[in-house]
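Novice: Sequence and predicted structure are below.
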Amino acid sequence: ENDTTMEGRRMIIALASFILFANAQLAFNYKFAPFTITPTSANLNIAPKQNDLAYLAKFCDEMGSQCAGFDSSGNFKSSVAKATSDPTGSGSLYIKQKQNITLSPVRLWPLPQSFKNGNDKVSVDFNWKLDTASTSGILQRAFARYSKLIFSHHVDQEAVPSESSRAANLNTLKVTIASADETLQLGTDESYQLSATSSELSITSKTVFGALRGLETLSQLIRYDHVQDSYVIALAPWSISDFPSFTHRGLMIDTSRHFQPLSILRRLIDSLSYAKMNVLHWHIVDAQSFPLESKKYPKLWEGSWTKEERYTQSDIIKIVKYAKDRGIRVVPELDGPGHAYAWGVGYPELLPAGWESAQGCQGDCPAVPHCVIPLDPTSPLTYPLLDGLMTELKDVFEDGTFHLGGDEVQKGCWSNSDRIAKYLKKKNMTFDGLYKEFVQKAHDIAFKNGKSPVNWEEVYNYFGNSLDKRVIIHAWLSAETVAKATANGYRAILSNSKKWYLDHPTNTWTDYFLNDPLQGITNSNQRKLVLGGEVCMWGERMDASNMFRLIWPKAAGMAERTWNYQTANGDWAVEKALPRLRSFRCHLTDRGIDADPVYTQDRPYQPGSCFDT
């Protein structure tokens, strides 16, 4: 963003105030469009040297239908003088059109695909019971968990009927699940139907994981009435039919650059479930550290930062189970052949000889970002270790996909190795050929272990249609790669760094919300190959102290885009979603999840309601 200031983001915060579950209302909202009027005469009266926000805000109001000094995200532009003196209208300035739009009182996030509601209010007994024929332990644990979240004002209260509970309309939640199969994999059905009337509260789903999504929606409908000391559902009756637009809706967490304690990972998984996300992509190892236990190759985790910052296989099994209880798939990543320095701490023979002095090899390890030493594919240990590691992890990580990285391979690090040179000569092969051979052998190991490999997009950019069609392409450099890969029959996941990388501090939630996984794709069969997307929380400048505030509420934009694709399309999509997002942010903070104000990564601008922040 050019010449932006935090004050511009704060002005957006002050534009409107929204009341939770209020009646539908008209509100002034501002839509931004390129400044195309030749900046002469009256436009130059902005006073070129004046860049005070209050002055420009006053100027906007005086102009009525137009104002200058903001970019397309609504951020204040401090270089007003330069912009107004540019007769070409370069785009540094934007006009702001003020219109009336109708804001829905519905405050659900993500917004369900289809729903009907009324204008009544029903009450729910905090001593409610579960009525179900299902024997699912996942459902029983979820009901207990959500009961504590929903009825938080009475968590420690004995189950003695109060006046408000005796008068409650609803004291039973009926849950009907069609299938007893609790397999959680890519494509597992998460649809559900929810009904809330004066006489019935029910969730119907095909799988227990659909029921979990219904429980989250219900938890956002039930609110505490402080005056009546009761729990109510406003705008009843409700009839909701819901399902996700994409099957893969994830967040990538990097535990190599900074170790994340198990308690933090559990809280992260909780937060993902609140946004109906269903994938934790665990970038568990990288060049900087190898915190993962291997029983077959026990020296691998000598590459951890310290002995205290490690994950045992027992730890991982518990995390996978914890995630499954919340409908979250855990997809591990073992990045290779690049980003492998930490592998070589315990097994130096895995790294190419002479890498320290190889030309074009960034080997300042374990520093960031200049630590990108790759594995030596010609080492007699490399493929047996990769095979053994994936074999012992295939049941630790239950998911049917396995991320194999494949990005940013510094092939110059291979240039000083006599063994590699002899191998290339014998095979009449280039460095690119060696890279491709590694990728193919890694894929074969994954296939042998019943896993579908996922690779960062460089693998597709280098080797294209020679890859097995079972490979999933993970695009991070360009959204165009998704269109190209799916056009050639490959499944793809989007994480384009300019929009869905959470370590990019200048991105606002609107970037995450408006980013389109189907950009440039019109063919219906091709669209089916777009599995969804992930936001990525890289760990170079992130640890447990700031992680959640970097993730939330921005990640919620991606969560809704991939759950209900259509809400980000059409006129005033951002303006209509904003009250719901602010409500969801409060929903997160109420549950102990740190979440930044919607338009800042700093702090609230001034005293005010959570629902205005």
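Specialist: Cool, the structure landed. Numbers count the residues shown, from 1 in each chain.
Novice: Now for the closest residue to Ala340 other than its chain neighbours, how many residues are close by?
Specialist: Among residues not flanking Ala340 along the chain, Leu375 sits closest, at 4.5 Å (CB to CB, 6 or more residues apart in numbering). C-beta: built from backbone N, CA, C; applies to glycine. Residues lying near Leu375 (other CB atoms under 10 Å) number 27.
Novice: list the contacts for Leu375?
Specialist: Taking CB atoms under 8 Å, 6 or more residues apart in numbering, we find Leu375 in contact with 336-337, 340, 343, 350-352, 382, 438.
Novice: go again using 7 Å as the cut-off
Specialist: Leu375 sits next to 336-337, 340, 343, 350-351, 382 when contact means CB atoms under 7 Å, 6 or more residues apart in numbering.
Novice: among those, who's most crowded?
Specialist: Neighbour tally across those (other CB under 10 Å): the maximum, 31 neighbours, falls on Trp343.
Novice: With just CA atoms, put stretch 506-523 into CSV.
Specialist: Coordinates of each C-alpha in stretch 506-523 appear next as CSV, following Å, rounded to 0.1, in the frame of the first residue of the first chain:
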residue,chain,number,x,y,z
THR,A,506,-0.6,-4.5,5.2
ASN,A,507,-3.4,-6.9,4.1
THR,A,508,-6.8,-6.2,5.6
TRP,A,509,-9.7,-8.6,6.1
THR,A,510,-11.1,-7.4,2.8
ASP,A,511,-8.2,-8.9,0.9
TYR,A,512,-8.9,-12.3,2.5
PHE,A,513,-12.6,-11.9,1.9
LEU,A,514,-12.6,-10.9,-1.7
ASN,A,515,-9.8,-13.2,-2.9
ASP,A,516,-11.3,-15.5,-5.4
PRO,A,517,-10.2,-19.2,-5.6
LEU,A,518,-12.1,-19.5,-8.9
GLN,A,519,-10.5,-16.5,-10.5
GLY,A,520,-10.4,-16.9,-14.3
ILE,A,521,-12.1,-20.3,-14.1
THR,A,522,-15.5,-20.6,-15.8
ASN,A,523,-15.6,-24.3,-16.8
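Novice: Helix, strand, or coil at Asp444?
Specialist: Of the three states, Asp444 takes helix according to DSSP: H, G, I helix; E, B strand; the rest coil.
Novice: how far away is it from Leu404?
Specialist: Distance of Asp444 to Leu404, given as CB to CB, to the nearest Å: 11 Å.
Novice: Which residue of those two possesses the greater neighbour count?
Specialist: Set Asp444 next to Leu404 and count neighbours by other CB under 10 Å: Leu404 wins out with 27 against 14.
Novice: State the pLDDT value of that one.
Specialist: In this model, Leu404 is scored at 98, pLDDT.
Novice: do the same with Ser609
Specialist: Value listed for Ser609 in the pLDDT field: 87.
Novice: How about Arg9?
Specialist: Value for Arg9, per-residue pLDDT: 34.
Novice: which of the residues in stretch 200-209 are buried?
Specialist: Buried positions in stretch 200-209, judged by neighbour count with 16 or more other CB atoms under 10 Å: 201-209.
Novice: Averaged pLDDT, that stretch. What do you get?
Specialist: The pLDDT scores in stretch 200-209 average 98.
Novice: Name the residues that touch it?
Specialist: By CB under 7 Å, 6+ apart, stretch 200-209 touches 124, 136, 138-139, 170, 172-179, 181-182, 184, 188-195, 211, 214-215, 218, 327.
Novice: what's the average pLDDT for the host helix or strand of Asn171?
Specialist: Here Asn171 sits within strand 170-177, counting by DSSP states H and E. Averaged across strand 170-177, pLDDT comes to 97.
Novice: Which strands border it, and is each parallel or antiparallel?
Specialist: strand 114-132 (parallel), strand 201-205 (parallel) (DSSP bridges).
Novice: how long is stretch 538-549 end to end?
Specialist: Terminal residues of stretch 538-549 are spaced 14 Å apart (CA to CA, to the nearest Å).
Novice: quick one: what helix or strand has Pro607 in it?
Specialist: Going by DSSP H and E, Pro607 is not in any helix or strand.
Novice: ok, it - how many residues close by?
Specialist: 5.
Novice: ok, it to Gln113 distance?
Specialist: Pro607 is 38 Å from Gln113, where distance means CB to CB.
Novice: how about low-confidence regions in this structure?
Specialist: 1-101, 157-166, 368-369, 600-602, 605 (pLDDT under 70).
Novice: Any idea what the nearest residue to Ser134 once chain neighbours are set aside is bridged to?
Specialist: Counting by CB to CB, 6+ apart, the nearest residue to Ser134 once its immediate chain neighbours are dropped is Ile177, at 4.7 Å. With DSSP bridges as the criterion, Ile177 is bridged to Ser205.
Novice: For the buried residues of stretch 200-209, give me TSV that also has distance to Met277.
Specialist: Supplementary listing: the buried residues of stretch 200-209 in TSV, determined by distance: CB to CB, whole Å:
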residue	distance to Met277
Leu201	25
Ser202	25
Ile203	19
Thr204	22
Ser205	18
Lys206	20
Thr207	17
Val208	17
Phe209	12
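Novice: and which of these is nearest to Ala568?
Specialist: Distance to Ala568 across the buried residues of stretch 200-209 (CB to CB) is lowest for Phe209, with 24.2 Å.
Novice: List the single closest residue to the closest one in space, sequence neighbours excluded.
Specialist: Gly327 (4.3 Å).
Novice: quick one, what contacts the one you found?
Specialist: 184, 190, 209, 212-213, 273, 278.
Novice: quick one: which of the residues you listed is nearest Ser256?
Specialist: Checking those against Ser256 with CB to CB, the nearest one is Asn278 at 23.3 Å.
Novice: what's the neighbour count on the closest one?
Specialist: 29.
Novice: From what I see, Gly346 and Lys299 are in contact.
Specialist: Yes - applying CB atoms under 7 Å, one finds Gly346 in contact with Lys299, separated by 3.1 Å.
Novice: neighbour-wise, which of the two wins?
Specialist: Set Gly346 next to Lys299 and count neighbours by other CB under 10 Å: Gly346 wins out with 17 against 13.
Novice: From Val124, how far out is that one?
Specialist: Counting by CB to CB, the gap from Gly346 to Val124 is 55 Å.
Novice: Gln260 now?
Specialist: 36 Å.
Novice: cool, and Leu588?
Specialist: In terms of CB to CB, Leu588 sits 22 Å off from Val124.
Novice: Looking at these two, which is more packed in?
Specialist: Legend: neighbour count by other CB under 10 Å for Leu588 and Val124, higher for Val124 (25 against 21).
Novice: can you pull the contacts of that one?
Specialist: 168, 170, 201, 222, 231, 233.
Novice: Next, format those residues as CSV and append distance to Ile240.
Specialist: Output for those, formatted as CSV (distance: CB to CB, whole Å):
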residue, distance to Ile240
Ala168, 21
Leu170, 16
Leu201, 12
Ile222, 14
Tyr231, 18
Ile233, 12
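Novice: most surrounded residue in the residues you listed?
Specialist: Leu201 leads the contacts of Val124 on contacts (other CB under 10 Å) with 27 neighbours.
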